[in-house]
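> Mind looking at a prediction? Sequence and model below.
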Amino acid sequence: MRSWWWTGPVAPGGKPASPTAGRFPSVSPNHRAKPSAPFKALKWLLKEDAPLLFRLRLDPAQWRWGLQFLWECRRSRVHHNMVQMLNLGKFSRETFIALREQTGIDYQQLSRGIVTLLWSQQEVDEAAHTAAVMQQFGVNKRLITVEELAALEPALA
């Protein structure tokens, strides 16, 4: 299967999106409860390098959190949770920009976007749906091919 890339926002002035290290992805609902999350978490349970390191304990708060997380993974909650994450991300970004302007802090920030590699058709389909919802909230997310990515970021060609 061909790999697809999903790019983040385009900076003011139309600069192309590119991958960033040490990024501050304020408007990104990628890390949310969704129907596939419990299955991914099960695969990660015994891996020390898992993106979500979770050690089971006899802790009522942990089990309560786990049950609440499973409840939020239902397909009927995905859209609601994504909207909540988008609103929180937009607020966070706006607050961070205001703080940067008020304090004059300069840390050589870049606002060129984020690239995410998608490995399966299911991920491509989910990303297309997510991008459509995010565009309704003014976030420029889109799917591009490997060739388009190489044109946007020649260092990855």
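Received it, and whenever you're ready, just let me know what you need. Residues are numbered from 1 along each chain as shown.
> Show me the protein divided up by domain.
4-30+76-156, 36-73 (automatic domain parsing).
> Now do the longest one, average pLDDT.
Per-region confidence: domain 4-30+76-156 scores 74 on mean pLDDT.
> follow-up on the earlier one: next, format the domains of the chain as a markdown table and append mean neighbour count.
Quick note: C-beta positions are derived from backbone N, CA and C, even for glycine. Formatted as a markdown table, those follow (neighbours: other C-beta atoms under 10 Å):
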| stretch | mean neighbour count |
| --- | --- |
| domain 4-30+76-156 | 15 |
| domain 36-73 | 11 |
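> Could you pull out the helices in the protein for me?
37-44, 60-72, 75-103, 121-136, 146-152 (DSSP state H).
> CA atoms only: put the last one into CSV for me.
When you say that, I think you mean helix 146-152. This file holds the C-alpha atoms of helix 146-152, laid out as CSV (Å, rounded to 0.1, in the frame of the first residue of the first chain):
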residue,chain,number,x,y,z
VAL,A,146,4.3,11.4,-1.2
GLU,A,147,5.1,13.4,-4.4
GLU,A,148,3.3,16.5,-3.0
LEU,A,149,5.2,16.2,0.2
ALA,A,150,8.5,16.1,-1.7
ALA,A,151,7.5,19.3,-3.5
LEU,A,152,6.6,21.0,-0.2
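> Packing partners of it?
strand 4-7 (3 or more C-beta pairs under 8 Å, 6 or more residues apart in numbering; DSSP states H and E).
> and the residue located most distally from the centre of the chain, what are its phi and psi?
Distance from the C-alpha centroid of the chain, by C-alpha atoms, centre = their mean, peaks at Leu58 (31.1 Å). Note on Leu58: backbone dihedrals following degrees, to the nearest 10 are phi -90, psi 60.
> Look up how far Leu88 lies from Thr95.
From Thr95 across to Leu88, the span is 10 Å (C-beta to C-beta, to the nearest Å).
> Check Phe96 too.
Using C-beta to C-beta, Phe96 is found at 12 Å from Leu88.
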